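In: only geometry, no sequence info:
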């Protein structure tokens with residue numbers, strides 16, 4: 001019995017030791033899931049580990065300098081139009097763009113999300129210190145929060161620059177929801193020749209606009225879209241109430257009274273039909289735009305509900321765009337052209353990055369005049385207390401021809417033209433109010449708020465290695481304003497903010513030339 005117990009105990013001990021050794025043996029590690037290339041949607045996509053979603057990261061870094069930058073900053077008034085010691089001779093910008101594109105195949109088609117954010121630091125301007133008469137100036141640099149930091153008071157904001165959201169949208173089963181390029185726009189938006197983005201002559205939401213869109217694909221390159229678009233930031237020009245706010249000071253900055261847009265009541269409705277083939281493309285677009293005034297500015301009831309208001313008035317716009325590819329002048333050469341007509345929807349011509357007000361100073365040949373000034377202002381409509389809205393009409397065009405000299409060099413010549421016309425009723429309201437300013441505007445021999453503006457430019461690009469491009473872009477802009485005679489700012493006017501003295505100014509057409517040098521690395 002003792003021997004049997006010893007034998008069983010020894011066996012149990014051996015089993016225990018064997019179990020311990022087995023527990024110490026290495027366990028086979030789970031295979032590492034490396035990032036896999038996703039070839040479904042083109043180059044640069046990878047599967048997000050553990051999912052069936054593909055992702056692509058991209059962007060660019062840009063450094064540029066603009067000489068006499070009026071064309072390229074889209075501002076033809078204030079210190080940019082003053083042509084004096086407050087005006088920047090050059091403006092610099094550094095920008096980093098970052099975008100994220102994700103796509104997932106589903107039974108409803110591809111689900112896509114796309115976001116594009118941009119970080120920029122751009123030279124800002126000095127201006128006269130308000131009503132101060134001591135010659136001091138203020139420099140305001142936009143910071144990351146969008147708050148100006150006068151006189152370098154906020155070093156953090158100055159170092160931070162600005163943050164922008166270009167695009168942020170979802171696409172699913174033909175629907176686009178979020179901030180994307182408007183369906184009204186031509187496929188090249190503001191860049192018929194890959195030029196700067198301030199041209200008039202067509203719609204252009206290059207930084208995206210909030211929308212809800214359905215796009216139908218009929219095959220053979222034929223698509224159509226219907227879209228509801230938020231107009232607030234991108235499609236509202238001015239709704240001028242000439243009964244209040246019109247002054248020599250306002251007139252001297254291209255304004256015709258207070259801007260009285262009310263809250264957004266209706267989205268802009270846009271439609272588009274496009275044919276996209278090997279030879280190029282043709283697109284026809286249309287839009288409807290609601291003009292909704294807040295309140296009249298009746299004396300004693302200024303800006304209140306009791307003052308009343310005009311009824312809403314819908315404006316509209318139509319646009320045609322044509323691209324011709326593979327032309328005989330060279331491989332990859334292309335011609336892009338478009339034309340637009342608007343009535344009460346001016347931003348579809350004077351797009352969101354184009355100037356709405358013009359006050360450009362220059363020389364004069366009139367005895368007794370200090371300088372000349374070219375004045376113009378764009379608007380969706382004009383009204384006065386007790387009147388309805390008089391809509392403003394416009395038409396414009398823009399286009400470019402791009403030629404490839406070789407795989408490394410190409411050049412584009414581009415241009416734009418826009419004409420804006422106030423109705424007889426709208427022009428009468430503006431000129432009637434100007435006449436009430438007495439001696440200040442008594443020298444105006446022709447009162448006509450209509451104007452034309454045209455730009456012609458040339459851009460040449462060199463790409464020595466893939467995705468690295470150096471470019472030089474020169475543009476000439478001519479403002480053809482229709483006023484004649486003189487205005488006097490002896491008692492009021494643009495004065496201290498742009499350092500202009502009270503004096504007599506000749507009303508005259510103006511022009512400017514700008515140069516933009518840029519280096520950009522895409523990734």
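Out: Perfect, I can see it now. Just so you know, these numbers come straight off a predicted model, no measurement behind them.
In: now residue 427: phi and psi?
Out: When quoted as degrees, to the nearest 10, the phi and psi of residue 427 stand at phi -60, psi -40.
In: same thing with residue 360?
Out: The phi/psi pair for residue 360 (degrees, to the nearest 10) is phi -110, psi 130.
In: next one: residue 426
Out: With angles defined as degrees, to the nearest 10, residue 426 sits at phi -70, psi -40.
In: now swap in residue 337 and tell me
Out: Per-residue torsions, residue 337: phi -140, psi 150 (degrees, to the nearest 10).
In: name the element the closest residue to it other than its chain neighbours belongs to?
Out: Among residues not flanking residue 337 along the chain, residue 399 sits closest, at 3.5 Å (CB to CB, 6 or more residues apart in numbering). Every C-beta, even on glycine, is put in place using the N, C-alpha and C of the backbone. In this assignment (DSSP states H and E), residue 399 forms part of strand 390-404.
In: counting contacts, what elements does that strand pack onto?
Out: strand 334-343, strand 381-383, strand 409-422, helix 424-435 (3 or more CB pairs under 8 Å, 6 or more residues apart in numbering; DSSP states H and E).
In: picking up where we left off before, where does the residue nearest to residue 337 land on pLDDT?
Out: At residue 399, the pLDDT value in this model is 98.
In: could you verify my assumption that it touches residue 414?
Out: Yes. Counting by CB atoms under 8 Å, residue 399 touches residue 414, with 6.9 Å between them.
In: name the residues contacting each of those two.
Out: Here residue 399 and residue 414 share the contacting residues residue 192, scored by CB atoms under 8 Å, 6 or more residues apart in numbering.
In: rewinding a little: ok, the strand holding residue 399: who's next to it in the sheet?
Out: According to DSSP bridges, strand 390-404 has the following sheet partners: strand 334-343 (antiparallel), strand 381-383 (antiparallel), strand 409-422 (antiparallel).
In: ok now the longest one, how far from the chain's centre?
Out: Right, strand 409-422. 16 Å (CA atoms, centre = their mean, to the nearest Å).
In: give the rounded mean pLDDT of it.
Out: Mean pLDDT, strand 409-422: 98.
In: from residue 239, how far out is residue 418?
Out: Separation of residue 418 from residue 239 (CB to CB, to the nearest Å): 19 Å.
In: can you give me the angle the strand holding residue 399 makes with helix 424-435?
Out: Following axes from the mean of the first three to the mean of the last three CA atoms, to 10 degrees, one obtains 100 degrees for the angle between strand 390-404 and helix 424-435.
In: separation between the residue most central in space within the chain and residue 316?
Out: Centre of the chain computed as the mean C-alpha position; nearest residue by CA atoms, centre = their mean is residue 353, 4.0 Å away. Distance of residue 353 to residue 316, computed by CB to CB: 22 Å.
In: ditto for residue 346
Out: Distance, residue 346 to residue 316, by CB to CB: 11 Å.
In: quick one: which of those two has more around it?
Out: residue 346 (30 against 17; other CB atoms under 10 Å).
In: the more buried one and residue 391 touch, don't they?
Out: No. With contact defined as CB under 8 Å, residue 346 and residue 391 do not form a contacting pair (9.1 Å).
In: residue contacts, the closest residue to residue 269 other than its chain neighbours?
Out: Nearest residue to residue 269 in three dimensions, chain neighbours excluded: residue 288, at 4.6 Å (CB to CB, 6+ apart). Residue 288 makes contacts with 268, 269, 314, 315, 316, 345, as judged by CB under 8 Å, 6+ apart.
In: give me the beta-bridge partners of residue 288?
Out: With DSSP bridges as the rule, residue 288 is bridged to residue 269, residue 316.
In: one more: residue 103?
Out: Counting by DSSP bridges, the residues bridging with residue 103 are residue 54, residue 112.
In: so what pLDDT did it get?
Out: pLDDT, residue 103: 98.
In: and it, how far is that from residue 57?
Out: Separation of residue 103 from residue 57 (CB to CB): 13 Å.
In: ok, these two, which is more surrounded?
Out: Neighbours were counted for residue 103 and for residue 57 using other CB under 10 Å; residue 103 has more, 19 against 12.
In: the more buried one and residue 40 touch, don't they?
Out: Yes. Using CB under 8 Å as the test, residue 103 is close enough to residue 40 to be in contact (7.4 Å).
In: give me the common contacts of these two.
Out: Residues touching both residue 103 and residue 40 (CB under 8 Å, 6+ apart) are residue 54.
In: what strands flank whatever helix or strand residue 459 lives in, and is each parallel or antiparallel?
Out: Secondary structure assigned from DSSP H and E places residue 459 in strand 451-465. Looking at strand 451-465 with DSSP bridges, its partner strands are strand 409-422 (antiparallel), strand 468-481 (antiparallel).
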